[in-house]
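J.: make a model of this:
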Amino acid sequence: MKTIAQLAELNVSYQLSPEWGEQPIIGSSREAYDIIFPFFPKETIALQEHFIVAYMNRGNRLIGVYQMSKGGVSSTVADSKIILATALKVVACSMILSHNHPSGALKPSESDIELTNRLKEGSKLLDISVLDHIIVTPKWGEYYSFADNAMV
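T.: Numbers count the residues shown, from 1 in each chain. From the prediction side, this is the model:
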């Protein structure tokens, strides 16, 4: 008799600590940048693109940060299905997308804009908001915010 194949499942772990209520509330692009930037590996931020997502609850309190992907010198894969599946798994109400440009250029590419719009539209169906998409460079303090530029 044939058996039904088991499906792989995305596992998310919660490592709650007594400080859980002290998770930061993100209220601006600068606050988001300050929280997300340390997750970019210092060793490769000037070499490879990385895609990182911060997930928040209804009060914009940080639930967690997910290191989505590591790519090449000019691109990385940001899989919409995995980004949204993770948002559902952690019961996020909003998220902030982020990736780096190893070249140091802050201007978003057409593919950056298309990805942001696709995730914004897809997440609406799930009642999840894309609050921002932040592009960072290897230089501390330099970033581009889609929200600050009325692009989300």
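J.: tell me the mean pLDDT over stretch 77-92?
T.: Average pLDDT, stretch 77-92: 96.
J.: can you tell me what sits against it?
T.: Identification of contacts with stretch 77-92 by C-beta atoms under 8 Å, 6 or more residues apart in numbering yields 10, 12, 51, 53, 55-57, 63-64, 66, 68-69, 71, 95, 97, 99, 115, 118-119, 122-123, 126, 128. Yep, even glycine has a C-beta here, placed from its N, CA and C like the rest.
J.: what residue is smack in the middle of this protein?
T.: Most central in the chain under C-alpha atoms, centre = their mean is V53, positioned 1.5 Å from the mean C-alpha point.
J.: one step back: now intersect the contacts of stretch 77-92 with the strands, please.
T.: Among the contacts of stretch 77-92, the members falling in strands (DSSP state E) are F51, V53, Y55, M56, I63, G64, Y66, M68, S69, M95, L97, H99.
J.: which among these end up buried?
T.: Taking 16 or more other C-beta atoms under 10 Å as the criterion, what is buried in the ones in strands among the contacts of stretch 77-92 is F51, V53, Y55, M56, I63, G64, Y66, M68, S69, M95, L97, H99.
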